[in-house]
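1. Give me a 3D structure for the following:
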Amino acid sequence: MYRVANRAAHRAATRAVNRTDSRGYTLVELLVVVTILGLAGALVIPQMDQAGVLRSQAAMRTIIADITFAQADAVAMQEQRAIIFDPANNGYTVNEVLDATTFQPLVDLRSSSGTGEYRMTISRESYGNVQMTGAEFDGTDQMLVFDEFGAPVGAAGSNAPSAGGAITLQDDFFDFTITLEPFTGRVIASKVER
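-> Numbers count the residues shown, from 1 in each chain. Model (predicted):
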């Protein structure tokens with residue numbers, strides 16, 4: 001009987017000790033949690049600063065995609081296509097070339113109705129308010145023209161090869177350049193930190 005009572009007292013004492021231990025955290029546990037939170041913060045905060053750069057790069061990728069679309073559409077339809085850049089309004093239109101001086105904007109299939117003109121403005125919030133600072137092809141022109149083979153040409157209605165050109169963009173931290181090579185129409189993008 002003495003042993004049974006002794007065991008019961010021992011169990012009660014053990015439970016009381018365990019209850020007091022489970023009421024708080026040790027200093028080591030707190031230091032581990034604080035260290036993990038500090039490391040997570042050190043990794044996440046620099047990534048948040050790059051969100052604006054990613055938006056700017058999205059603008060650049062959109063322009064490149066539209067150049068590639070115009071080039072492919074010229075080949076598919078066996079007609080000239082022109083992209084007319086408008087740096088003053090921070091945008092451009094993708095057009096069908098009817099003759100040397102007449103252009104008709106293509107239908108933008110990205111719109112829900114499929115009836116809008118193929119116009120793009122890149123100053124929207126989703127593009128980080130990137131500014132188009134210039135667009136120059138063949139020396140002075142703000143128009144990029146592809147012939148029916150997808151090669152850049154010097155002017156609408158012409159078959160003379162283009163000398164190439166570039167589009168320049170700017171955000172708060174970087175200057176972006178989209179270069180179009182002559183003859184091949186290869187597009188090259190680059191970024192320079194200011």
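2. use CA for all of it now, contacts and neighbours both
-> Fine.
3. Secondary structure element for residue 32, which one?
-> helix 27-49 (DSSP states H and E).
4. after that helix, next one along is what?
-> helix 51-77.
5. and the helix or strand just after that next one, C-alpha only, in CSV?
-> Next in sequence after helix 51-77, counting helices and strands by DSSP H and E, comes strand 81-86. Output of strand 81-86 as CSV, limited to C-alpha atoms (Å, rounded to 0.1, in the frame of the first residue of the first chain):
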residue,chain,number,x,y,z
ARG,A,81,3.2,45.7,-91.7
ALA,A,82,4.3,48.9,-90.0
ILE,A,83,4.7,49.8,-86.3
ILE,A,84,4.4,53.5,-85.8
PHE,A,85,5.9,54.6,-82.6
ASP,A,86,4.7,57.7,-80.8
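6. In its sheet, which strands sit next to strand 81-86, and in what direction?
-> As defined by DSSP bridges, the strand partners of strand 81-86 come to strand 91-97 (antiparallel), strand 143-146 (antiparallel).
7. returning to that earlier point: check which helices and strands the helix holding residue 32 sits against.
-> The helices and strands touching helix 27-49, judged by 3 or more C-alpha pairs under 8 Å, 6 or more residues apart in numbering; DSSP states H and E, number zero.
8. is it true that residue 181 touches residue 161?
-> No - with contact defined as C-alpha atoms under 8 Å, residue 181 and residue 161 do not form a contacting pair (10.8 Å).
9. low-confidence ranges in this protein?
-> 1-10, 12-22, 45-52, 110-115 (pLDDT under 70).
10. Tell me which residue lies nearest the centroid of it.
-> residue 58 (1.8 Å; C-alpha atoms, centre = their mean).
11. Can you name the residues that contact the closest residue to residue 156 other than its chain neighbours?
-> With sequence-adjacent residues excluded and distances taken as C-alpha to C-alpha, 6 or more residues apart in numbering, residue 156 is closest to residue 100, at 4.8 Å. Residue 100 makes contacts with 155-158, as judged by C-alpha atoms under 8 Å, 6 or more residues apart in numbering.
12. in which helix or strand would I find residue 100?
-> Going by DSSP H and E, residue 100 is not part of any helix or strand.
13. Distance check, it against residue 178.
-> The gap separating residue 100 from residue 178 is 25 Å, by C-alpha to C-alpha, to the nearest Å.
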